[in-house]
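Participant: structure for this input, please:
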Amino acid sequence: QVQLQESGPGLVNPSQTLSLTCTVSGGSIETNYYYWNWIRQSPGKGLEWMGAIAYSGTTHISPSLKRRTSIRRDTSKNQYTLQLTSVTPEDTAVYYCSRGNLYGPYDYWGQGTQVTVSS
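Facilitator: I've put the predicted structure just below:
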């Protein structure tokens with residue numbers, strides 16, 4: 001059973017950088033041919049795919065977030081991370097990590113972590 005767990009600060013100041021980590025257990029992030037995704041849901045809005053890192057290490061970022069987003073991995077820890085720079089209150093959301101295909105479907109999800117951008 002694959003499990004994903006998000007971790008990171010719940011509160012970030014505007015203009016700062018948001019950093020989240022997804023720790024994966026029960027399966028390797030290098031296993032063919034899975035993509036490891038970051039998805040968020042802002043209050044009152046639908047799910048927004050932010051980006052993913054592939055089993056090979058290749059990254060794919062949503063064009064709307066490309067300037068501010070980076071995704072990396074640490075295979076020794078079986079973790080991958082999200083960094084979102086220059087955050088604004090519009091980045092307030094529940095952030096999820098998930099496993100699946102590049103744009104879905106996703107078969108495993110983390111429980112989600114609430115991130116609020118506020119001073």
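
Participant: neighbours of the residue lying closest to Leu18 once chain neighbours are set aside, just the number please.
Facilitator: The spatial neighbour of Leu18 that comes closest, neighbours along the chain excluded (CB to CB, 6 or more residues apart in numbering), is Leu84 at 4.3 Å. C-beta here means a position set from N, CA and C on the backbone, and glycine is covered the same way. By other CB atoms under 10 Å, the residues close to Leu84 number 24.

Participant: check Leu84 and give its pLDDT.
Facilitator: Leu84 carries a pLDDT value of 98.

Participant: beta partners of it?
Facilitator: Legend: beta-bridge partners of Leu84 under DSSP bridges are Leu18, Thr69.

Participant: distance of it from Asn78?
Facilitator: 22 Å (CB to CB, to the nearest Å).

Participant: now do Gly26
Facilitator: For Gly26 relative to Asn78 (CB to CB), the value is 10 Å.

Participant: Val94 now?
Facilitator: 23 Å.

Participant: what's the helix or strand for the spatially most central residue of the chain?
Facilitator: Among the residues of the chain, the one closest to the centroid is Trp38, at 2.7 Å (CA atoms, centre = their mean). Taking DSSP states H and E as the criterion, Trp38 maps to strand 35-41.
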